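> Take a look and give me a structure for this.
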Amino acid sequence: MDCNSDPTPYCDLGAGSAPNPPSAPDPAPPRPQAEPEPEGGGGAAPEQEQPQGDRIVGGSDTEADCSYVLSDYQPPTGGVQTITGPRSSGTPGGVRPIPHTTGTAVAEAGPPGGDVVLAQDGDRGGGWYVYRCSSEGTRDSLYRAPVWIPASQAPADAKPPAPSPEDLARQARSQLRLPDPTIGSNPAGTQLVRVPTWLWIDSRLWRPHTATASVPGVSVTATARPTSVSWSMGDGTTLTCRGPGTEFPADADPGSASPDCGHTYQRSSAGAADARFPVTATVSWQITWSGAGEQGRFPNMTTDDETSFRVAEAQALGTG
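So this is what the prediction gives:
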């Protein structure tokens with residue numbers, strides 16, 4: 001056991017054979033040898049010889065795979081206190097200042113066996129690292145605070161952090177390519193006051209759209225599903241349709257109303273800008289994700305299309 005009190009009290013305890021141990025333990029007494037079994041059998045089997053010395057119990061006999069790992073750690077919003085003064089002569093390494101321009105200087109522990117890096121809140125080209133052991137069943141016995149390491153001094157064996165399922169989900173969401181709707185209507189040209197207008201968008205987009213992000217061993221898929229279309233009709237009216245709407249059939253009665261998405265204007269657009277009503281169709285998409293045994297939702301996304309309708313009064317011609 002090796003104990004040190006500078007800069008903070010700690011002890012290192014090692015297990016195994018050392019090349020030059022400070023003191024050799026008393027040798028173990030010789031193990032009695034079993035009597036040889038008489039010819040013809042019937043005697044007990046000889047006791048299995050056990051290896052001498054330390055050995056690992058319940059773990060792997062391979063070296064621990066530990067290293068500094070780039071992380072998304074962020075220091076407290078109140079900052080960290082300045083640490084000043086060099087290490088004592090009995091401690092390996094020293095204080096090595098890093099050039100900086102802004103921020104509050106803080107001393108942080110560098111990679112194992114290296115110098116203490118005088119880092120800077122405003123330093124650029126670096127990152128926060130945490131020390132992790134990835135070997136199965138292995139844990140670092142000492143707490144090591146996150147450290148800021150400039151890019152030029154990052155440890156060669158530093159490993160990027162494995163993305164979480166949420167990270168992959170956000171990446172998959174950013175890869176979604178949602179189609180823009182195209183407005184359809186009947187009448188196809190000028191609309192008429194008090195005559196039903198049929199409204200629809202291209203029904204081919206009304207299906208789930210997906211995107212997947214993955215790393216070795218982990219895959220997450222984001223799915224966008226259309227849920228509704230919100231229509232702004234330009235005359236102060238808004239309506240919501242739960243589907244893409246129905247296209248006007250060629251043999252339908254022009255005076256009939258749409259079965260699921262339509263509007264009837266009650267006044268002409270003569271007083272509107274350019275004598276037309278601006279019309280917008282906005283599709284709302286529900287965004288979900290799943291993968292790596294987890295699932296979740298993101299805020300809805302929208303796509304839209306715009307057009308304008310000229311609405312005229314229907315003139316009736318009477319005869320005497």
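> which regions of this structure sit below the pLDDT cut-off?
By pLDDT under 70, the weakly predicted segments of the chain are 1-67, 77-125, 133-143, 154-161, 315-320.
> how about the helices in it?
165-174 (DSSP state H).
> Give me the number of neighbouring residues for S232.
Close neighbours of S232, defined as other C-beta atoms under 10 Å, add up to 17. For the C-beta atoms, the positions are set from N, CA and C on the backbone; glycine is no exception.
> Which residue, neighbours along the chain excluded, lies closest to it?
T280 (4.5 Å; C-beta to C-beta, 6 or more residues apart in numbering).
> Now for that neighbour, how many residues are close by?
Neighbours of T280 (other C-beta under 10 Å): 16.
> What segments of the stretch 101-250 of the chain are strands?
Remark: strands assigned in the stretch 101-250 of the chain by DSSP state E, counting those that start in this stretch are 105-108, 116-120, 126-133, 147-150, 183-186, 191-192, 197-201, 209-215, 218-232, 238-241.
> Return the most buried member of these.
strand 197-201 (a mean of 24; mean count of other C-beta atoms under 10 Å).
> The strands of the stretch 101-250 of the chain: which one's closest to W289?
strand 218-232 (4.6 Å; C-beta to C-beta).
> Which one of the strands of the stretch 101-250 of the chain lies nearest to R297?
strand 218-232 (10.1 Å).
> just the angle between the closest one and helix 165-174, please?
50 degrees (axes from the mean of the first three to the mean of the last three C-alpha atoms, to 10 degrees).
> what are the C-alpha coordinates of stretch 281-300, in PDB please?
Coordinates of the C-alpha atoms in stretch 281-300 are reproduced here as PDB (Å, rounded to 0.1, in the frame of the first residue of the first chain):
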ATOM      1  CA  ALA A 281     -52.700  24.100 -45.900                       C
ATOM      2  CA  THR A 282     -50.400  23.000 -43.000                       C
ATOM      3  CA  VAL A 283     -49.800  19.300 -42.400                       C
ATOM      4  CA  SER A 284     -49.000  18.300 -38.800                       C
ATOM      5  CA  TRP A 285     -46.600  15.300 -38.400                       C
ATOM      6  CA  GLN A 286     -46.300  13.300 -35.100                       C
ATOM      7  CA  ILE A 287     -42.700  12.300 -34.500                       C
ATOM      8  CA  THR A 288     -41.800   9.200 -32.500                       C
ATOM      9  CA  TRP A 289     -38.700   7.100 -32.200                       C
ATOM     10  CA  SER A 290     -37.700   3.600 -31.000                       C
ATOM     11  CA  GLY A 291     -34.600   1.500 -30.800                       C
ATOM     12  CA  ALA A 292     -32.200  -0.100 -28.300                       C
ATOM     13  CA  GLY A 293     -35.100  -1.200 -26.200                       C
ATOM     14  CA  GLU A 294     -36.300   2.400 -25.700                       C
ATOM     15  CA  GLN A 295     -38.800   4.700 -27.300                       C
ATOM     16  CA  GLY A 296     -40.000   8.300 -27.100                       C
ATOM     17  CA  ARG A 297     -41.600  11.300 -28.800                       C
ATOM     18  CA  PHE A 298     -40.400  14.600 -30.300                       C
ATOM     19  CA  PRO A 299     -42.500  17.800 -30.800                       C
ATOM     20  CA  ASN A 300     -44.600  17.700 -33.900                       C
END
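> in that stretch, what's buried?
281-289, 291, 298 (16 or more other C-beta atoms under 10 Å).
> just to revisit the earlier point, so which of the strands of the stretch 101-250 of the chain gets nearest G255?
Comparing these by C-beta to C-beta, strand 191-192 comes nearest, at 9.9 Å.
> Please enumerate residues in contact with the closest one?
185, 197, 265, 309-314 (C-beta atoms under 8 Å, 6 or more residues apart in numbering).
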